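Asker: Okay, structure incoming, though there's no sequence with it:
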């Protein structure tokens, strides 16, 4: 009688271990089918384009990312800076965020014909900062002698369901792994007492 109870217990543990292993394999399969759930945001285009050789400097810059950007009231989490080849910094008005686009307008100044470096820092909907630089050249000096209208910063809030779904999947996967380890330890301990 005791042997039958022990045999049933062992079969139950074996079935439970197989179920945990199967669930873990299924979760890993889901992650391999949807790599975008693990990927971070990237810059997909810019105006001006990286390496562009323009006649004159554009009055505004825009960067488009593959994911919406976030903004936080009272904080400068998304920034653009412009400097010339000699290291001189040029004024840009406060950047605006609309969906996945970060943009800013030039301030009034003399812009010589040279190579410029546009540096950016943006925060994607998944909370990760994205940084980088774009260089471009202009052929003719340009004077901007007016102050453009100060833009209003707007943003679209990311849908919380996407990031919370990923967090839920990771949590369930982690829980299944822990449960599998615990059952494996319990099973080993049971076999040591025999």
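Answerer: In hand now; what should we look at? All values reported here derive from a predicted model rather than from experimental measurement.

Asker: Am I right that residue 180 is in a helix?
Answerer: Yes: counting by DSSP: H, G, I helix; E, B strand; the rest coil, residue 180 is located in a helix.

Asker: burial measure for it, as a count.
Answerer: 17 (other C-beta atoms under 10 Å). (C-beta placed from N, C-alpha, C; glycine too.)

Asker: Quick check: it vs residue 173, distance?
Answerer: Relative to residue 173, residue 180 is positioned 11 Å away (C-beta to C-beta, to the nearest Å).

Asker: What of residue 95?
Answerer: On the measure of C-beta to C-beta, residue 95 and residue 173 end up 38 Å apart.

Asker: okay, the two: which has more neighbours?
Answerer: Here residue 95 and residue 173 are compared on neighbour count by other C-beta under 10 Å; more neighbours surround residue 95, at 25 against 17.

Asker: I'd guessed that one sits against residue 78; true?
Answerer: Yes: Residue 95 is within contact range of residue 78, at 5.5 Å (criterion: C-beta atoms under 8 Å).

Asker: Can you give me the domain boundaries for the protein?
Answerer: 43-144, 159-194 (automatic domain parsing).

Asker: Return the most buried member of those domains.
Answerer: Comparing those by mean neighbour count (mean count of other C-beta atoms under 10 Å), domain 43-144 comes out on top with a mean of 16.

Asker: Return every residue with contacts to both of residue 95 and residue 78.
Answerer: Shared between the contact lists of residue 95 and residue 78 (criterion: C-beta atoms under 8 Å, 6 or more residues apart in numbering) are residues residue 102.

Asker: If you average pLDDT over each of the domains of the chain, which is lowest?
Answerer: For the domains of the chain, mean pLDDT drops lowest on domain 159-194, to a mean of 62.

Asker: any idea which helix or strand carries residue 104?
Answerer: Per DSSP states H and E: residue 104 is located in strand 101-105.
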